[in-house]
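> Turn this into a structure:
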Amino acid sequence: MPSRTSRLPADDRKQAILLAASPIFARLGANATTKEIARAAGVSEALLYRHFSGKEALYAELERHCVEANDLGERFVSSADPSTATLVTGVALLVQAVFPGMGSQQNHEDTKRLVTSSLLGDGRLARTFLERHVRPWTDVFEKSLHAARAAGDVESGISAGKAEIWFVHHLANTLHLISLPQEQVVDYGMTRDELVEATVRFLLRGLGLSNAAIERHYDPEKLEPLFMRMDQE
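Alright, predicted model coming up:
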């Protein structure tokens, strides 16, 4: 009896293997086997090796496959001019993209598990992921923070730098990780939307933006249509 992916075109079959491999790697990390992945994808190991040279190649491909938010990052980074408004909108977008996430929720969650699994191992995939998909954001944030400081929108005496800029991603990522279990782990005393807004405001204040600048540029209701449009793309 033919496997359920045997009649798929080559590209579709490759995607089917990736979809099957993602939750397995996310759950087992380096202990995942090609045999288990092939079984989950409904193909033979021999067929799997026709598309991927080995487990390492399959694992590396997953990093590119799962990250739907990357397109959002490329669009934002390519069109952003350093400014206070860019900093505020960018922080709000990144928080939304990382927690609660955009696009396929399963892919989003699998990506986080893959990166976390990498951090518990040699960190190679996590390092590549952050360099490709997060650093472009932090570079824009750094330039925009300089612009905000020049515009007088940063509180005096606050000298946020690279570490604080990276904290934008790290906090959003932690919030997403702690929300992965079906049963609630932490009761923050607010809805998820309220938690997203509180996170954005907390981060913007941590970067040193004045309350006046935050209120001038951050309006969650106006950003919601942008989030919805990007979520559907």
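
> Y218: how many residues sit nearby?
Neighbour count for Y218, taken as other CB atoms under 10 Å: 19. Using the backbone N, CA and C atoms, a C-beta is placed for each residue, glycine as well.

> Skip ahead from whichever strand or helix holds S117 and say which helix or strand is next.
For S117, the element it lies in under DSSP states H and E is helix 105-119. Counting by DSSP H and E, the next helix or strand C-terminal to helix 105-119 is helix 124-133.

> So L125 sits against V115, correct?
Yes: L125 lies in contact with V115 (CB atoms under 8 Å); the separation is 6.7 Å.

> out of these two, which sits in the more crowded spot?
V115 (23 against 20).

> Any figure for the gap between that one and V154?
31 Å (CB to CB, to the nearest Å).

> Outline the domain layout of the protein.
Per automatic domain parsing, the structural domains of the chain span 10-65, 67-232.

> Redo the ones you listed as JSON lines? Include mean pLDDT.
What follows is the domains of the chain, written out as JSON lines (pLDDT from 0 to 100):
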{"stretch": "domain 10-65", "mean pLDDT": "86"}
{"stretch": "domain 67-232", "mean pLDDT": "89"}
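
> show me where this protein has helices.
Here the chain has its helices, by DSSP state H, at 10-28, 34-41, 45-51, 55-66, 69-79, 84-96, 105-119, 124-133, 135-150, 162-178, 192-206, 211-217, 220-232.

> excluding its backbone neighbours, what's nearest the residue nearest the centre of the chain?
Nearest residue to the geometric centre of the chain (CA atoms, centre = their mean): V98, 4.3 Å. Using CB to CB, 6 or more residues apart in numbering and skipping the chain neighbours, the partner closest in space to V98 is A172 (3.8 Å).

> so what's the one you found up against?
L94, V95, V98, F99, T199 (CB atoms under 8 Å, 6 or more residues apart in numbering).

> Among those, which one is most surrounded by other residues?
Busiest of these [other CB under 10 Å] is V98, holding 27 neighbours.

> about what we covered before: E221: which of the contacts of A172 is nearest?
V95 (15.8 Å; CB to CB).

> I figured that closest one was touching A198, is that so?
No: checked against CB under 8 Å, the pair V95 and A198 is beyond contact range at 10.2 Å.

> list the buried ones in the helix holding S117?
For helix 105-119, the neighbour count (16 or more other CB atoms under 10 Å) marks N107, H108, E109, D110, T111, K112, R113, L114, V115, T116, S117, S118 as buried.

> can you put the residues you listed in JSON lines and add distance to F76?
Below are the buried residues of helix 105-119 laid out as JSON lines (distance: CB to CB, whole Å):
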{"residue": "N107", "distance to F76": "19"}
{"residue": "H108", "distance to F76": "17"}
{"residue": "E109", "distance to F76": "22"}
{"residue": "D110", "distance to F76": "23"}
{"residue": "T111", "distance to F76": "18"}
{"residue": "K112", "distance to F76": "20"}
{"residue": "R113", "distance to F76": "25"}
{"residue": "L114", "distance to F76": "23"}
{"residue": "V115", "distance to F76": "20"}
{"residue": "T116", "distance to F76": "25"}
{"residue": "S117", "distance to F76": "27"}
{"residue": "S118", "distance to F76": "25"}
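
> Count the residues that sit near F76.
Neighbours of F76 (other CB under 10 Å): 19.

> Isn't it up against D139?
No: applying CB under 8 Å as the test, F76 and D139 come out as separate, 11.5 Å apart.

> what's G189 sitting at in phi/psi?
Phi and psi for G189, reported as degrees, to the nearest 10, are phi 70, psi 20.

> For K222, see how far away it is.
From G189 to K222 the distance is 26 Å (CB to CB).

> Check I178 too.
In terms of CB to CB, I178 sits 28 Å off from K222.
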